[in-house]
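>>> Okay, predicted coordinates and the sequence, questions at the end:
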Amino acid sequence: MPVLSRAEVFLDAWYDLRDIGNAVGELQQQIIDWGAPDWVPYVVASLIGVVSILLWTILSVLAFIWIERRVVGLMQNRIGPNRVGAAGLLQPVADALKLLFKEAITTTNADRWLFWIAPIAIFIPTIVVFAVIPFGEEMLLADLNVGVLFLIAIASINTMAVFMAGWSSNNKYALLGSMRTIAMLISYEIIQVLALLGAVLFVGSMQLTAIVQWQLDYDVWLIALQPVAVVAYIISGAVEMNRSPMDIAEAESEIVAGYHTEYGGIKFGFFYQAEYLAGFAITAVIVTLYMGGYTLFGLEQWIPGWLIFLGKLYTTFFIFIWFRGTLPRLRIDQLMAFAWKFLLPIVLVNVVLVGGEMLLWQEADLSSQVAIPLFVAVNLAYAVAAVAGWAVMLGHAAPERTAHRAILTREVGSIHFGEAAPNV
Amino acid sequence: MEDTGTVLAFWLLTIVTIGSALGVAFVRNLIHAVVFLVVSFMGVAGLYITLSADFVAVAQILIYAGAISVLMVFAIVLTPQDERKNAEGFLRLPALALAMLVAATLIFVAVDNGWAIADRPGFEETASLIGESLLDKYVLPFEIASVLLLVAMLGAIVLVRPEGAEDDE
C-alpha cells in the first residue's frame, strides 16, 4: 500500500467532512445490521435531523443578532454592541439569558389561553419549514413532492398565529398591529405564490431536490431565468419576516410594537426568534429555488454541499440586513398599493411569459444550449422593461430640474423652495 | 392501513380532529372556536397524508387553515358584540332540526357505505395528475368555478359600494 502524501490525506478528510449527510445513512445501515425493527432507523434519522436543525437555527440566530447589530451600526455610523465579550460577541447570549430569566407577564385582561399559545403557534411553523429544505445532497428531513406548496402553506399558518397574539393581548395597538400583519401577509402571499410558480413551471416539479437537480443539469441558476420573480420574492419575503422597510406591523412610532406589545420575557423571545427564523427560511428558499441550493457549478465535488448552502444562505441574508440599514419604513397604504398595483401585474405577466417559453421549448424542440440563453435574455429584458416602465406609468415622475430660489418666510420661520411664499 | 405507523398516525389524527371539532361546537368564545377549527383542519390534512394525497393535504392547510380561518376571524371581529349572543334566538328549534337532519344523513351514509378498501398502492405524485385532469378532462367545471368566484368578488364590491358612489368620479 503506497504511503499517502499529506495532500491526499487532507483531501480524504475533507471528503469525509463533505459526507456529513452520508454519515447518517451509514448509521442507519449500522442500526439495520444490528437487527433493529424497521422503524428504528427512520426514527433515529429524523431525530438527528430535527435536533441538528434546531441547534443550527439557534446558533445562526445568535450569530446573526450580533452580525446584524454590528453591521447596521456601521451603516448608521455608530459602533453597535461592543462591551460583552470580545467585540461584543457575547451580547446575544447575554440578551437571550436575560429574556429567559425575565418574568413572563400575562396582562390581567388578556385571553390567557391564546396569549400563551400564540408564541408557540408562531414559532413552530417557522421551524417546520426547514424540514423540506435540502441542506446538502443527502441532508434533508422530508423530500416532499409538493415541497414548494408546503413552504407556502406552512407560512400561511403564521397569519392566524399573529392574529391570536394581537387579539389575546387585549390592547388596541396589538390588535391594530395584527390586523396590519394579516392584511400584509394575505396580499403578499399572492405575490409569493406567483413568484415561485415561475420556477416551478421551468422545472416542472414542486420537489425542492428536483429543482436543485434541474439547475445542476442545465448549469444555470434560476435567478438568471427569473429575475423579476426573485425581486418580488425578496420583497414579499421581507414582508413575511416583518423586517425593517416593511415592519409596519410593529412600527414603533405608530403602534408601539404591534402584535407583541404586551409580550415580555421568553414569550417575546419566541417572537424574536421566529422573526429571524422566518428570515432564514425565506433566504433558504431563495437559495434553493433560485441560486442552485447546495451546488456551485461543479465545485460541490470539492467543497461540502452544506457549506456551500450555508455560505449562500448567509450571503443572501445580508441583503435583508442591508435593506434594514438603508431603507425607510413604508406606510401601510403604500405597502398595500405596492403589492396590488405594482408587483402583482409584473409577476402575473412573468408567469405567462414563462408558460410561453416552456411551450416554445417543448413544441419547437429547442436544445437547452439555445433555449436557456435565449430565455435569460428575454426575461432579463422583461425585468428591466417591466420594472422601469411600470414605475413610470404608475407616476414615478422625472424629478423637476428647474432651480427655485429659496425664500425665507418670516411668518412660519422656515425655508420654502418655490416661486412665492405660501399664504399663512 | 398496513403498517403500525400509519395506524398510529390515523388514530392520533382522528383524536385531534374530532376532539378539536367538539371544541368548536362546545366552546363559548368564538375566537377560541376558530382556533379549534384550525387545529381540526390540520388534523384533516394529516388524514389526507395518511391516504397519500399530499397535494390535497397541503392545499387543505393553505386554503382552510391559512385563508378560510382568517376570513372567519374577520367576520367575527367585524360583527358587533351584541349580535353574537343570539344562541337563545327564535331560530333555535329550526336550527336544531336542520342540524339533526344533516347529522342523520351523514350517519346514514357512513353506516350504509361498505367502505371498500382500495387495493391499489398510493399515488407517486398527485399534483401533476390533479393538474392534468383539471386542465384536460374537467377544464369546463374548473373555468366555471373561476368565473363564479369572479362574480362573487364583483358582487361583494357592488354590495359594499355606497349609494351613488359612481357620481363622485
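Structure received.
>>> mind listing the helices for the stretch 51-200 of chain A?
A:91-101, A:112-128, A:147-168, A:172-203 (DSSP state H, counting those that start in this stretch).
>>> which ones are touching the residue nearest the centre of chain B?
Geometric centre of chain B, nearest residue: residue B:64, 5.8 Å, by C-alpha atoms, centre = their mean. Contact analysis of residue B:64 by C-beta atoms under 8 Å, 6 or more residues apart in numbering or on different chains lists B:41, B:44, B:45. All C-beta spots, glycine's among them, are computed from the backbone N, C-alpha and C.
>>> can you tell me how far it sits from residue B:15?
From residue B:64 across to residue B:15, the span is 19 Å (C-beta to C-beta, to the nearest Å).
>>> Also residue A:174?
Applying C-beta to C-beta to residue A:174 and residue B:15 gives a distance of 33 Å.
>>> what's the answer for residue A:270, then?
27 Å.
>>> who's more crowded, the two?
Counted by other C-beta atoms under 10 Å in any protein chain shown, residue A:270 and residue B:15 do not tie: residue A:270 has more neighbours, with 22 against 11.
>>> so what's whatever residue of chain B ends up closest to chain A closest to, chain neighbours aside?
Residue of chain B nearest chain A, by C-beta to the nearest C-beta: residue B:66 (2.9 Å). Closest residue to residue B:66 apart from its sequence neighbours, by C-beta to C-beta, 6 or more residues apart in numbering or on different chains: residue A:156 at 2.9 Å.
>>> before we move on, what about residue B:6?
Nearest one to residue B:6, counting by C-beta to C-beta, 6+ apart, is residue B:50 at 5.5 Å.
>>> just residue A:227 next, same as before
Closest to residue A:227 by C-beta to C-beta, 6+ apart is residue A:383, at 4.0 Å.
>>> Please list all residues in contact with the one you found.
A:227, A:228, A:231.
>>> doesn't residue A:381 make contact with the first one?
No - the pair formed by residue A:227 and residue A:381 falls short of the contact definition of C-beta atoms under 8 Å, at 9.8 Å.
>>> between the two, which one's more packed in?
residue A:227 (21 against 11).
>>> what's the spacing between the closest residue to residue B:4 other than its chain neighbours and residue A:52?
Nearest residue to residue B:4, sequence neighbours excluded (C-beta to C-beta, 6+ apart): residue A:39, at 7.5 Å. Here residue A:39 is placed at a distance of 20 Å from residue A:52 (C-beta to C-beta).
>>> cool, and residue A:298?
From residue A:298 to residue A:52 the distance is 27 Å (C-beta to C-beta).
>>> Looking at these two, which is more packed in?
residue A:52 (15 against 9).
>>> Just the pLDDT at the more buried one, thanks.
With respect to pLDDT, residue A:52 has a value of 84.
>>> show me what contacts it?
Not one residue lies near residue A:52 by C-beta under 8 Å, 6+ apart.
>>> any low-confidence regions in chain B?
B:1-3, B:81-89, B:118-124, B:163-169 (pLDDT under 70).
>>> Could you measure from the closest residue to residue A:89 other than its chain neighbours over to residue A:95?
Of all residues not flanking residue A:89 in the chain, residue A:66 sits nearest, at 6.1 Å (C-beta to C-beta, 6+ apart). From residue A:66 across to residue A:95, the span is 10 Å (C-beta to C-beta).
>>> Next, the closest residue to residue A:107 other than its chain neighbours: secondary structure please.
Closest residue in space to residue A:107, ignoring its immediate chain neighbours: residue A:262 at 5.3 Å, by C-beta to C-beta, 6+ apart. Under DSSP: H, G, I helix; E, B strand; the rest coil, the three-state class of residue A:262 is coil.
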